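# here is a sequence together with a model predicted from it:
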Amino acid sequence: MSILKDLPELIKAGVISKDTAANIETYFKNKNGPTTNKLFVVFGILGAILVGMGIILIIAHNWDELSRSLKTFFAFLPLLIGQFFCGFALLKKPDSAAWRESTSAFLFFAVGASISLVSQIYHIPGNLSTYLLTWMLLCLPIIYAMKSSMVSLIYLAGITYYACETSYWTYPTSTSYPYWVLLLLALPFYFGLLKKKPKSNFTYLHNWVIPVSLIITLGTLGGHFDELMFIAYISLFGLIYLIGESNFFSNQFSFSNGYRVLGSLGTIILLLILSFDDFWDHLRSKTDLFDEVYTTPEFITCVIISLIALVLLYLQIKNKSIKNLKPIALVFLIFVPIFIIGNYVPFSSLLINILIFLIAIHTIRVGAKQNHLGILNYGLLIITILVICRFFDTNLSFVLRGMMFVIVGAGFFLANYWMLKKRKAND
């Protein structure tokens, strides 16, 4: 770096002392050091996975010609290799992230391969759900023993797939309640990453993978009263958004703050879906919705998530101010009375449309105030999608619909033109 080259000149001119120059040099060396390590970690993980797959393919090519005892030996061979190198990484390379992550990833897939091979050799009955559950339980200790962020991410993907396989694709024969236990068991490692390595790329990935996993698997708790899951999902998106707006995450960029992005997008998408009359007509047709609903998993899920979101909302109002809260953070509170009203009167869709429009207007206002083109265009995009939805949902003439698109398009152009002109004037 040029600043390091200029240090001798700055010392000679008396601008900085030798100690200060030494501290600057140490700082930049430590700052730039992990860049190479990150690339090494990535290629190390990919290399370990490819080597593991290669070993399995070589064995599989000659599988039918092997005896049962030899098959059993080869079934455990990847597992033994993985454990050996993990032990080597812990004892000889404890400070090397590349060694820890690559050997842990290899061992993770070796465990899965060994389970499937042994089951095939000895004809042990089972299904994919049982296989995934066993695999994830056996690999959970690897996360903590090896302090492996990569295994943690693969584990989260694995338990999510387990939940989908159990409750979505084989519904209603089984449930995926063990998923929630498996998720809780992995959260301490994630909290440790947030505390010790908040700016790590692995931490950023966890900030996306965990909320995505929750969004995917929340629907597994639905059953007879699926309509109540809309409240649960609105509350979940509100909770995720409030986490993203907390003091810890609020100053992070969008690419590292999956909570704020997913919470906002999820809320808007769900509101747009509910802006049509079809859902509310179906809701009013279900006369038994509130009969014996208070003991169902859907109702309990709604209450738990809403209460957690409410507590987090209270803490944010207490620490900040209600003036600093964005309307989208309050949607989960507003939606509950709208949902209840929708069971009896036919104008809930109108209230949802008004709510979406107000959120969009506030977003545009925030974008203009902060001189942020991304936020400004996000608000304009919400209005555009709302107009498109109403294009297919209303009986307006094509002339009026066309005028709506012209107005929105002109708004896009004028808002961006005004923002760019404002930036140019401030430069």
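Received, thanks. Owing to the predicted nature of the structure, the values given are computational and were not obtained by experimental measurement.
# helix, strand or coil: sort out Leu117 for me.
Secondary structure assignment for Leu117 (DSSP: H, G, I helix; E, B strand; the rest coil): helix.
# so Asn343, which state does it fall into?
What three-state DSSP gives for Asn343 is coil.
# residue ranges with poor pLDDT in the stretch 101-250 of the chain?
Residue ranges of the stretch 101-250 of the chain with pLDDT under 70: 171-174.
# for it, what spans make up the helices?
Per DSSP state H, counting those that start in this stretch, the stretch 101-250 of the chain has helices spanning 128-146, 149-163, 178-196, 201-218, 229-244. These are given in chain order.
# save the ones you listed as CSV, and put in distance to Lys369 and mean neighbour count too.
(C-beta placed from N, C-alpha, C; glycine too.) Converted to CSV, the helices of the stretch 101-250 of the chain look like this (distance: least, CB to CB, whole Å; neighbours: other CB atoms under 10 Å):
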stretch, distance to Lys369, mean neighbour count
helix 128-146, 43, 18
helix 149-163, 37, 23
helix 178-196, 30, 15
helix 201-218, 26, 19
helix 229-244, 20, 24
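# let me have these in a markdown table, extended by distance to Leu80.
Shown next, in a markdown table, are those (distance: least, CB to CB, whole Å):
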| stretch | distance to Leu80 |
| --- | --- |
| helix 128-146 | 15 |
| helix 149-163 | 18 |
| helix 178-196 | 25 |
| helix 201-218 | 27 |
| helix 229-244 | 42 |
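# which among those is found nearest to Leu350?
In terms of CB to CB, the element of the helices of the stretch 101-250 of the chain nearest to Leu350 is helix 229-244, at 17.1 Å.
# surely Tyr233 and Gly266 touch.
Yes: at 7.4 Å, Tyr233 and Gly266 qualify as touching, with contact defined as CB atoms under 8 Å.
# now for the two: what residues contact both?
Ile215 (CB atoms under 8 Å, 6 or more residues apart in numbering).
# who wins for proximity to Ile356 among the helices of the stretch 101-250 of the chain?
helix 229-244 (12.8 Å).
# thinking again about what came up before, between the helices of the stretch 101-250 of the chain, which gets nearest to Leu46?
helix 149-163 (10.5 Å).
# the inter-axis angle of that closest one versus helix 128-146?
If you take axes from the mean of the first three to the mean of the last three CA atoms, to 10 degrees, helix 149-163 sits at 160 degrees to helix 128-146.
# which outside residues touch helix 149-163?
Under the contact criterion CB under 8 Å, 6+ apart, helix 149-163 has outside partners 45, 101, 104-105, 108, 129, 132-133, 135-136, 139-140, 142-143, 176, 178-179, 182-183, 186, 189-190, 193, 200, 202-203, 205-206, 209-210, 212-213, 216-217, 220.
# now swap in stretch 230-242 and tell me
For stretch 230-242, using CB under 8 Å, 6+ apart, the contacting residues are 211, 214-215, 218-219, 221, 259-260, 262-264, 266-267, 270, 274, 279, 298, 301-302, 305-306, 308-309, 312-313, 316, 328-333, 335-336, 339.
# and Leu414, how far from Tyr241?
The gap separating Leu414 from Tyr241 is 29 Å, by CB to CB, to the nearest Å.
# next: Phe253.
From Phe253 to Tyr241 the distance is 16 Å (CB to CB).
# ok, now Ala13?
For Ala13, the distance to Tyr241 - CB to CB - is 52 Å.
# related to what we said a few turns ago, in strands only, show me the contacts of stretch 230-242.
Counting by DSSP state E, none of the members of these fall within strands.
# show me what contacts Met404?
Met404 touches Val387, Arg390, Phe391, counting by CB under 8 Å, 6+ apart.
# pipe these into a markdown table and attach neighbour count and secondary structure per row.
What follows is those, written out as a markdown table (neighbours: other CB atoms under 10 Å; DSSP: H, G, I helix; E, B strand; the rest coil):
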| residue | neighbour count | secondary structure |
| --- | --- | --- |
| Val387 | 15 | helix |
| Arg390 | 15 | helix |
| Phe391 | 14 | helix |
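# all helices for the stretch 251-400 of the chain, in order.
Counting by DSSP H, counting those that start in this stretch, the helices of the stretch 251-400 of the chain are 258-274, 277-285, 297-319, 331-341, 348-369, 373-393, 398-426.
# of those helices, which is nearest Ser17?
Nearest of the helices of the stretch 251-400 of the chain to Ser17, taken as CB to CB: helix 398-426 at 38.6 Å.
# can you give me the angle the closest one makes with helix 373-393?
180 degrees.
# next, the buried residues of helix 398-426.
Arg401, Met404, Val408, Phe412, Ala415, Met419 (16 or more other CB atoms under 10 Å).
# for the helix or strand Ala22 falls within, what is the average pLDDT?
Taking DSSP states H and E as the definition, Ala22 sits inside helix 18-61. For helix 18-61, mean pLDDT rounds to 64.
# now the element after it, going C-ward?
Counting by DSSP H and E, what follows helix 18-61 is helix 68-92.
# tell me what that following helix is packed against?
If you count contacts as 3 or more CB pairs under 8 Å, 6 or more residues apart in numbering; DSSP states H and E, helix 68-92 packs onto helix 18-61, helix 97-121, helix 128-146.
# got a list of contacts for the shortest one?
The set of residues external to helix 128-146 that reach it, using CB under 8 Å, 6+ apart, is 86, 89-90, 100, 103-104, 107-108, 111-112, 115-116, 119, 148, 151-152, 155, 158-159, 161-162, 165-166, 170, 174, 178, 182, 185-186, 188-189.
# next, the angle helix 97-121 makes with it.
150 degrees.
# contacting residues for the closest residue to His372 other than its chain neighbours?
Excluding its sequence neighbours, the residue lying closest to His372 (CB to CB, 6 or more residues apart in numbering) is Val366, at 7.7 Å. If a contact means CB under 8 Å, 6+ apart, then Val366 has Lys326, His372, Ile375, Gly379 as its contacts.
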